[in-house]
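Chemist: Sequence first, then the predicted structure:
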Amino acid sequence: MTTIQNADQATIVEELAAVIVANKAFLSEIDGKIGDGDHGINMAKGFGRAAERIHGKDMTLDAAMLVLSDVLMSEIGGSMGPLYGLMFEDMAGALTGREVIDAATFSTMLNAGLEGVRGVGSAEVGDKTLMDTLVPAVAAFDAAQGQGFAAALRAMAAAAETGRDSTIDLVAKIGRASRLGERSRGVLDAGATSCCMILTTLAQSVQRRLA
Amino acid sequence: MQRFINNPDDLVDETVAGFVKVHRDLVHLDAGNPRVVVSNAAPQQGRVGIVTGGGSGHEPAFIGYAGRNMVDAVAVGELFSSPTAKSFADAIRAADGGAGVAVLYGNYAGDNMNVKMAARMVAREGIEVATVVANDDVCSAPPGERAKRRGVAGEIFMWKIGGAKAAQGASLAEVQAAAQKAIDACRSVGVGLGPCTLPGVGHPNFQIEPGTMEVGIGHHGEPGTRVEALKTANEVADDMLKIVMEDHALPAGTELAVLVSGLGATPVNELYVLYDRIEAGLTAMGMGIHRALVGNYFTSLEMVGATLTVMALDAELKALLDLETASPAL
């Protein structure tokens, strides 16, 4: 099988949340080097709250993503609230009404999420933001689709990691770290790092369910 | 970390809860959103509403400037983190008296996004929104890139002018123009002597070595333009004044509003020491001081340091600045 059911997949979002919550201190630590050190706190607060609300519920993947989106946009704020909030809202929108999720649907979902982020943020690849992870990861999934869903997920995760690591050598062009100019070079971007956690966990979670 | 905290996650809600109790004569919590503080005078039918918002940890900003002839509603964010789009939207709704709402806020990525989303939300309900983005912090970008500069304590003057203009019954476009003129007339600089700690993090996320100071530091500890040996108060005051006035290029005889704000942990008396020297410097340049404010008006948790804001006044700004107001902080 190269599909997953959309129904009863709240646990996928719970798994994303678990990784973010477990990395709360790490994300804050890297954010603290060039930002104000609250990335992990606010991300863990939002993802943790969403996980509590969907725990044990029989929800489709899109419904669970909408809960996460709503918490991020209406309770967390900051920069990550609207960026990830819109990403998950638009990802969910692409899944609405689908019974099964195949590679093509997953691609539509990823691209919708990417467009959601573009709709509110203004960053491009190379600006040292989550776009450095998200854009190549989505492109890698699309490029590897012909090799099957599982292979495309692996390609997405690998590209996300490469994208995350690319931010080390970049100078921030946007957001709080951009005020540092050259001083922002040499450290990971916190948003690119959390985005990588989300995408790699998503890839693993979906792969495990590809029965 | 020696702080008065229960659970760091509850800190903002508890701050706001205490604040609206103390200042119940002037402000209240929005009925539907505990992250929106509303002036008791708002909304006023037929009058332009004034909204601001920003991360917490800057008290008395932003909530302290909700009041009569000032800000009508304030969106409250997590510590050093933008309020949600929903909170900005609820603040806009609370301030709306049918004549449109001016959102006057600082230039930070999160605030820009959340205000933009909020404006989209309320547009669907027929509320017209105009925005002015404060960018008074001189050291955060070179003169040629003023649009990239952060908003800092100059926002207080922007709110005061915008609120006064709205109180006079001006249109949304006129309020926006007055607030824009106010922030364009402002230049600010910060000097940090000691870092601040987000309670949820538990340790400072930047360091200022003993015996040094960071010139041009931002309201969240964003690095300044230089780190140097700590000088005497008079020398620091001279440096701050030089940075602000070189960027401003004002003709002699200009009348000014001057604000010296502590960043949280600097003794207030030291702010007066700085002000004494700053006024002497301005007088020597031939400037007139129309009004001066000294105190903890816009802080950064327990950062040690101060900001200087100088606003150049014309007759309109002077009259608007002088219009009486009643808010917890001003």
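Modeler: Thanks, I have it.
Chemist: Number of residues surrounding B:A123?
Modeler: 13 (other Cβ atoms under 10 Å in any protein chain shown). Where C-beta positions appear, they are placed from N, C-alpha and C, glycine not excepted.
Chemist: Hmm, I typed the wrong one, I wanted B:L323.
Modeler: 15.
Chemist: Chain neighbours aside, what residue packs nearest to it?
Modeler: Nearest in space to B:L323, with sequence neighbours left out and distances taken as Cβ to Cβ, 6 or more residues apart in numbering or on different chains, is B:A164 at 4.1 Å.
Chemist: same check, this time on B:G54
Modeler: With Cβ to Cβ, 6+ apart, the residue lying closest to B:G54 is B:F62, at 4.8 Å.
Chemist: Now do the contacts for B:A41.
Modeler: If you count contacts by Cβ atoms under 8 Å, 6 or more residues apart in numbering or on different chains, B:A41 has them with B:G67, B:R68, B:N69, B:D72.
Chemist: 7 Å - rerun?
Modeler: B:R68 (Cβ atoms under 7 Å, 6 or more residues apart in numbering or on different chains).
Chemist: quick one, phi/psi of it?
Modeler: phi -80, psi -10 (degrees, to the nearest 10).
Chemist: isn't the residue nearest to B:L323 right up against B:A319?
Modeler: No: with contact defined as Cβ atoms under 7 Å, B:A164 does not reach B:A319; the gap is 8.0 Å.
Chemist: which one of those two has more residues nearby?
Modeler: The neighbour count for B:A164 versus B:A319, taken as other Cβ under 10 Å, is higher for B:A164 (26 against 14).
Chemist: any idea which element that one lies in?
Modeler: B:A164 is located in helix B:154-167, with elements delineated by DSSP states H and E.
Chemist: What lies in contact with that helix?
Modeler: By Cβ under 7 Å, 6+ apart, the list of residues contacting helix B:154-167 from outside reads B:47-48, B:50, B:52, B:65, B:69-71, B:102, B:104, B:106, B:132, B:134, B:136, B:174-175, B:178-179, B:182-183, B:186, B:188, B:257, B:259, B:297-298, B:309, B:311, B:317, B:320-321, B:323, B:325, B:330.
Chemist: out of these, which are buried?
Modeler: B:47-48, B:50, B:52, B:65, B:69-71, B:102, B:104, B:106, B:132, B:134, B:136, B:174-175, B:178-179, B:182-183, B:186, B:188, B:257, B:259, B:297-298, B:309, B:311, B:317, B:320-321, B:325, B:330 (16 or more other Cβ atoms under 10 Å in any protein chain shown).
Chemist: interface residues of chain B facing chain A?
Modeler: B:9, B:77-87, B:109-110, B:113-114, B:116-117, B:140, B:198, B:200-201, B:205, B:218, B:220-223 (Cβ under 7 Å from any Cβ of the partner chain).
Chemist: What sits closest to A:I34 if chain neighbours are left out?
Modeler: Closest to A:I34 by Cβ to Cβ, 6+ apart is A:A177, at 4.1 Å.
Chemist: got it, and B:H248?
Modeler: B:R187 (4.8 Å).
Chemist: Centre of the chain to the helix or strand hosting the one you found, how far?
Modeler: If you go by DSSP H and E, B:R187 is part of strand B:186-194. For strand B:186-194, the distance from its own C-alpha centre to the chain's C-alpha centre is 13 Å (Cα atoms, centre = their mean, to the nearest Å).
Chemist: Name the residues that touch the helix or strand that comes right after that strand?
Modeler: Using DSSP H and E, the helix or strand that follows strand B:186-194 in sequence is strand B:212-215. For strand B:212-215, contacts defined as Cβ under 7 Å, 6+ apart pick out B:191-193, B:208, B:223-230, B:239.
Chemist: Go through strand B:212-215 and flag the buried ones.
Modeler: B:M213, B:E214, B:V215.
Chemist: right, and the helix or strand after the worst-scoring helix or strand of chain A on mean pLDDT?
Modeler: Using mean pLDDT, DSSP states H and E, helix A:24-34 stands out as the lowest-scoring helix or strand of chain A, at a mean of 89. As assigned by DSSP H and E, the chain's next helix or strand after helix A:24-34 is helix A:39-54.
Chemist: show me the contacts for B:S82.
Modeler: With Cβ under 7 Å, 6+ apart, B:S82 has these contacts: A:G77, A:G78, A:S79, B:G54, B:G55, B:Y108, B:G110, B:D111, B:N114.
Chemist: Is it in a helix, a strand, or coil?
Modeler: At B:S82, secondary structure determined by DSSP: H, G, I helix; E, B strand; the rest coil is coil.
Chemist: Let's have the contacts of strand B:212-215 in a markdown table, adding distance to B:A95, pLDDT and neighbour count.
Modeler: Output for the contacts of strand B:212-215, formatted as a markdown table (distance: Cβ to Cβ, whole Å; pLDDT from 0 to 100; neighbours: other Cβ atoms under 10 Å in any protein chain shown):
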| residue | distance to B:A95 | pLDDT | neighbour count |
| --- | --- | --- | --- |
| B:V191 | 34 | 98 | 26 |
| B:G192 | 34 | 97 | 29 |
| B:L193 | 37 | 97 | 21 |
| B:I208 | 38 | 93 | 21 |
| B:P223 | 35 | 82 | 20 |
| B:G224 | 35 | 87 | 22 |
| B:T225 | 37 | 89 | 14 |
| B:R226 | 40 | 91 | 11 |
| B:V227 | 41 | 93 | 15 |
| B:E228 | 43 | 96 | 11 |
| B:A229 | 47 | 97 | 8 |
| B:L230 | 43 | 97 | 15 |
| B:D239 | 39 | 98 | 19 |
